[in-house]
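Q: Sequence and predicted structure, then a few things I'm wondering about:
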Amino acid sequence: MDEKLVRLSLSKQIVEKIERDIENSVWKVGEKIPPEPELIKRFGASRNTVREAVQALIHAGLLEALQGDGTYVRAKSRFEAMMAKRLRRSNVTETMEVRCTLEREISRMAALRRTPADLEMLQLHFRRKQEQRHNLQEVINADIDFHVAVALATQNHLLYDIYKNISEYLRMTINCTFATAELDERQVKSHTDLLEAIQKQDPDAAEKATLEIIKLSHNALQLELGE
């Protein structure tokens, strides 16, 4: 039996185009998309059609409209938006358990599979964290980038995508590790141990270092919450 090809409506075509632009970082997460008149001109569509497309992306969680300000990009993909929505319903304990489960296996796989390029990237983020030790926000950013780079070193693109998409929502558990911009000696040592284990391709040592990193985060988080 012949299959009929269904032509996408103009609004759905606009949705796909905006999604591609977001995915390709034409419009980055946190940035405001062009105002409605500019979108109408850009896509050659009616006001209602453009509004329908934008509303569909707001509903999907990729965009967020702020009254009197504009519409902002809130996620890079539907998958990221879905994960963010789910994580917002999770408590801190659940988030920490997910982090522990993911990072243990990620560290082992990274130690076994890392390439020289992966190692170079890990060393770059590690140095960034040391050099910016007086700047708390930069320390946290470099730390998150370091752990995302460990996930990339697994050579498992699905695992990397999952970890990268939830990394910002692990920020709370990571933030508590750094009470001040000055790096705690135990935290520095645990990350040094992880980097060295990945360099030596020792999965057991990598897992051990990761568990110590998570333990420090968990202890700091409990202190922060007064538990």
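A: Structure received. Numbers count the residues shown, from 1 in each chain.
Q: can you pull out the helices in the chain?
A: Secondary structure of the chain (DSSP state H): helices at 10-23, 36-43, 47-60, 78-88, 92-113, 116-131, 136-152, 157-167, 171-175, 185-200, 203-225.
Q: Ala149 contacts Leu119, doesn't it?
A: No. Ala149 sits out of contact with Leu119 when judged by Cβ atoms under 8 Å, with a separation of 9.5 Å. Just so you know, the C-beta spots here come from the backbone N, C-alpha and C atoms, and that holds for glycine as well.
Q: Comparing these two, which residue is more hemmed in?
A: Taking other Cβ atoms under 10 Å, Ala149 and Leu119 do not tie; Ala149 has more neighbours (23 against 17).
Q: check contacts around the more buried one.
A: By Cβ atoms under 8 Å, 6 or more residues apart in numbering, the residues touching Ala149 are 118, 121-122, 125.
Q: Now tabulate the residues you listed in JSON lines and tack on distance to Ala206 and neighbour count.
A: Formatted as JSON lines, these follow (distance: Cβ to Cβ, whole Å; neighbours: other Cβ atoms under 10 Å):
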{"residue": "Asp118", "distance to Ala206": "13", "neighbour count": "18"}
{"residue": "Met121", "distance to Ala206": "16", "neighbour count": "19"}
{"residue": "Leu122", "distance to Ala206": "11", "neighbour count": "24"}
{"residue": "His125", "distance to Ala206": "16", "neighbour count": "20"}
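Q: now, which of those residues sits nearest Glu31?
A: His125 (23.8 Å; Cβ to Cβ).
Q: That closest one: what's it in contact with?
A: For His125, the contacting residues are 142-143, 145-146, 149, by Cβ under 8 Å, 6+ apart.
Q: Quick check: it vs Glu138, distance?
A: Separation of His125 from Glu138 (Cβ to Cβ, to the nearest Å) stands at 11 Å.
Q: what does Gly44 give?
A: Distance of Gly44 to Glu138, computed by Cβ to Cβ: 43 Å.
Q: more crowded one of those two?
A: For Gly44 versus Glu138, the count of surrounding residues by other Cβ under 10 Å is larger for Glu138: 15 against 10.
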